[in-house]
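Visitor: I need the structure of the sequence given here:
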Amino acid sequence: MAKQFTLGKDERLKSRKVIDKIFAEGKVLLVSPYRILYLANEKSSVDMEKAGNNLQFGVGVSAKNFKKAVDRNKIKRLTREAWRLQKNEFQEAVKRKNLHANIFFVYVSKELTDFSTIKTKVGVALTKLLALVEKIHIS
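Guide: Numbering: from 1, shown residues only. Next comes the predicted model:
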């Protein structure tokens with residue numbers, strides 16, 4: 001069966017409560033031009049069961065750094081595309097460990113970058129996140 005490169009509705013972070021929880025309790029990983037906040041829990045917790053998916057992803061860009069919504073939306077669109085194309089290995093690791101992971105990318109650079117750079121940096125971030133997930137031991 002061919003791999004699915006999708007980013008469906010259930011894979012996106014949309015809940016304000018979950019996003020606030022990530023910012024309050026999540027751990028931070030820096031991969032320039034991103035600040036990545038992540039929160040990984042066991043799948044059995046009640047809040048995570050409501051989400052329905054093992055892995056949820058969100059992206060944000062500061063209006064302080066990019067005044068035009070066109071620029072903010074372009075960065076978010078390119079980041080989501082890079083994530084969509086590269087997330088499969090990470091998603092399989094999360095399922096294998098029976099975890100639920102919420103990941104939020106915050107673009108912190110003040111300059112626009114091209115897709116190849118964004119794709120490379122998202123790949124580096126996924127590699128680091130994969131290493132962190134592999135270290136988690138569930139009893």
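
Visitor: Can you pull out the low-pLDDT segments for this protein?
Guide: 1-4, 43-52, 137-139 (pLDDT under 70).

Visitor: which secondary structure elements does the biggest helix by length in it contact?
Guide: Identified as the longest helix of the chain according to DSSP state H is helix 115-135. If you count contacts as 3 or more C-beta pairs under 8 Å, 6 or more residues apart in numbering; DSSP states H and E, helix 115-135 packs onto strand 27-31, strand 34-42, helix 69-86, helix 88-96, strand 99-107. Where C-beta positions appear, they are placed from N, C-alpha and C, glycine not excepted.

Visitor: contacts for the third one?
Guide: Okay, so that is helix 69-86. Helix 69-86 is contacted from outside by 5-7, 34, 57, 59-61, 63, 66, 105, 107, 112, 115, 118-119, 121-123, 126, using C-beta atoms under 8 Å, 6 or more residues apart in numbering.

Visitor: Now do Arg16: how many residues are near it, please.
Guide: Arg16 has 8 neighbours, counted by other C-beta atoms under 10 Å.
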